[in-house]
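In: Have a look; sequence and predicted model below, questions after that.
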Amino acid sequence: MQPAKASEPDRAAEVVPELRHTVPWRLTSVRVLENASLHVIFVDGTEGDVHMQAFLSSPNVDGTVFEPLRDPAEFGRARIVMGAIQWPNGAELAPDAMHDVLRERGVWTLE
């Protein structure tokens, strides 16, 4: 039996130039606000607020991946994954649609 070889170290940090999102609708920042809202900033500088309270209060959300987000603690776990907003339970928002509305109006209210 031959000894196991050590795995190669992760060399992703050595990639030059650094990999960056080039499409304008990729998110760079999300901040959780009160009343089930988010403040977001995109790669191209577009920013605005996303209001989700009406959407989350709707009976249409019952039994869906968005239902746990009614809990403010769970809603507060929003993060950016590959340029989109995602929660640990798998709920996510489409950044392209969000970008278009925020660029035009500055506010996106989900209903």
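Out: It's in.
In: Show me what counts as buried in whichever helix in the chain runs longest.
Out: Counting by DSSP state H, the longest helix found in the chain is helix 95-105. Within helix 95-105, the residues scored as buried using 16 or more other CB atoms under 10 Å are Pro95, Met98, His99, Leu102, Arg103. Glycine gets a C-beta too; all of them are placed from N, C-alpha and C.
In: and it, how far from the chain's centre?
Out: Centre-to-centre, helix 95-105 and its host chain are 14 Å apart (CA atoms, centre = their mean, to the nearest Å).
In: same deal with stretch 29-48?
Out: Stretch 29-48 sits 9 Å away from the centroid of its parent chain (CA atoms, centre = their mean).
In: Compute the first-to-last residue distance for it.
Out: 11 Å (CA to CA, to the nearest Å).
In: buried ones in it?
Out: Neighbour counts over stretch 29-48 (16+ other CB under 10 Å) mark Val30, Ala36, Ser37, Leu38, Val40, Ile41, Phe42, Val43, Thr46, Gly48 as buried.
In: Same list (the residues you listed) but as TSV, adding secondary structure and distance to Phe75.
Out: What follows is the buried residues of stretch 29-48, written out as TSV (DSSP: H, G, I helix; E, B strand; the rest coil; distance: CB to CB, whole Å):
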residue	secondary structure	distance to Phe75
Val30	strand	11
Ala36	coil	6
Ser37	strand	9
Leu38	strand	9
Val40	strand	14
Ile41	strand	19
Phe42	strand	21
Val43	coil	24
Thr46	coil	22
Gly48	strand	18
